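# using only what follows, build the 3D model:
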Amino acid sequence: MKLLATLALITLLACAPHGKDRRHQGWYGLRWVEQPSPNGPSHRADPQDRTRFFPVCSFDQHRPATFQDRRSRLREGDVIAYWMKQKEASRAVTRGEVSKAGYGMLSHGHLAIVVQDPRHPNKLHLFSSQSFKGPNIDEDIDTLADHSWDAFRLDKWQRINKPRFHEFIELATTKAGNWRGYDFTGMFGLWNDGIEPTHPDEIGSDYICSTIVVAALHYAGLKLDAVNRDGVLDLISPKQVISSRGCIVPLPEVELEMVKYKREDS
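Residues are numbered from 1 along each chain as shown. As a prediction, the model looks like this:
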């Protein structure tokens, strides 16, 4: 079981020494955890409906002079996978920063997707979910200057249903707003709820950073191979998402029921 293996390796390897302070690639023993489903929906899809993520750019916060160039390449729909160097991750955990534990175990410790600000369409924000906060778009892309990250883009982003994508963001953030908006069962790989919504009522109130990206894209017409066993005993990691293939799927004939997603300057 992924959960038992994860807990065992945390105990055995948490204090393992690191050599040169290079980019952390995740614990070798956990790399099998981060694999998308080998028999996911893309394998059954028509070739013209199959999708994948491709790398756009990377940024190392220790080379700040490159930030404006990397920032200028980002657009709505890009998935941001955050990473740390080995010593950074170890120091964060030693300081008791529980939210940084994933950086020390996995290749990427956090995931977000770039979205347009509903009030200022020319401004880009980051849609994600954090522990004790839940789904939100509080951070704009300028905050990426304080982190190291890789950006990935869907090769068929033009086929994503944008109104439904925006509806998901509106409803997920409305339902959250407190610590219950974070999926602590998903964080430990027990089960993941609400990751394949097709109707507004199926959008959950709690997600982790990776499952909220999976769910938002599913609601907008993209089914990813990232999910194993329907989300049960599956720690869906950031790498599991960005390395996943997927397929464009038909959407139900459901009218948008959200409060109007306004794109007007306030």
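# return the set of buried residues in whichever strand or helix holds H166.
Secondary structure assignment for H166, by DSSP states H and E: helix 162-175. If you call a residue buried by 16 or more other CB atoms under 10 Å, then helix 162-175 has these buried ones: 164-173, 175. (C-beta placed from N, C-alpha, C; glycine too.)
# can you check stretch 124-131 too?
Of the residues in stretch 124-131, 124-130 count as buried by neighbour count, 16+ other CB under 10 Å.
# out of these, which comes closest to D46?
Using CB to CB, F127 comes nearest to D46 of those, at 29.3 Å.
# wait, is that closest one part of a helix?
No - counting by DSSP: H, G, I helix; E, B strand; the rest coil, F127 is not part of a helix but strand.
# look up which residues are beta-bridged to the closest residue to it other than its chain neighbours.
Residue nearest to F127 in three dimensions, not counting chain neighbours: V115, with 4.6 Å by CB to CB, 6 or more residues apart in numbering. Beta bridges link V115 to H125, judged by DSSP bridges.
# report the contact partners of V115.
Neighbouring residues of V115 by CB atoms under 8 Å, 6 or more residues apart in numbering: 76, 124-127, 137, 165-166, 169.
# where's the residue nearest to C209 when sequence neighbours are not counted, which helix or strand?
In space, and not counting its chain neighbours, C209 is closest to L111: 4.4 Å by CB to CB, 6+ apart. If you go by DSSP H and E, L111 is part of strand 110-116.
# quick one, that strand and helix 162-175 angle?
With axes from the mean of the first three to the mean of the last three CA atoms, to 10 degrees as the basis, strand 110-116 and helix 162-175 are set at 120 degrees to each other.
# bridging residues for N136?
Those that pair with N136 in a beta bridge, by DSSP bridges, are S128.
# for R95, see how far away it is.
24 Å (CB to CB, to the nearest Å).
# show the average pLDDT along the strand holding L111.
Mean pLDDT, strand 110-116: 96.
# and if you look at stretch 68-80?
If you average the pLDDT over stretch 68-80, you get 97.
# and that stretch, end to end?
Terminal residues of stretch 68-80 lie 16 Å apart, using CA to CA, to the nearest Å.
# buried residues in it, which are they?
70-71, 74, 76-80.
# can you check stretch 199-211 too?
Residues of stretch 199-211 classed as buried: 200, 203-211 (neighbour count, 16+ other CB under 10 Å).
# where does the stretch 151-266 of the chain have low pLDDT?
By pLDDT under 70, the low-scoring segments of the stretch 151-266 of the chain are 176-194, 228-234, 253-266.
# do that again at 80, thanks
175-194, 205-206, 227-235, 252-266 (pLDDT under 80).
# helices of that one, start to end?
For the stretch 151-266 of the chain, applying DSSP state H, counting those that start in this stretch gives helices covering 162-175, 184-187, 209-219, 238-242.
# select, out of the ones you listed, the one closest to P38.
Shortest distance between P38 and these, using CB to CB, is found for helix 238-242: 12.2 Å.
# break down the stretch 1-150 of the chain into its strands, ranges please.
Remark: strands assigned in the stretch 1-150 of the chain by DSSP state E, counting those that start in this stretch are 50-59, 79-83, 110-116, 124-130, 134-140, 148-154.
# what does the shortest one contact?
The set of residues that contact strand 79-83 without belonging to it, under CB under 8 Å, 6+ apart, is 23-24, 53, 74, 103, 107-114, 126, 144, 147-154, 213, 238-239, 241-242.
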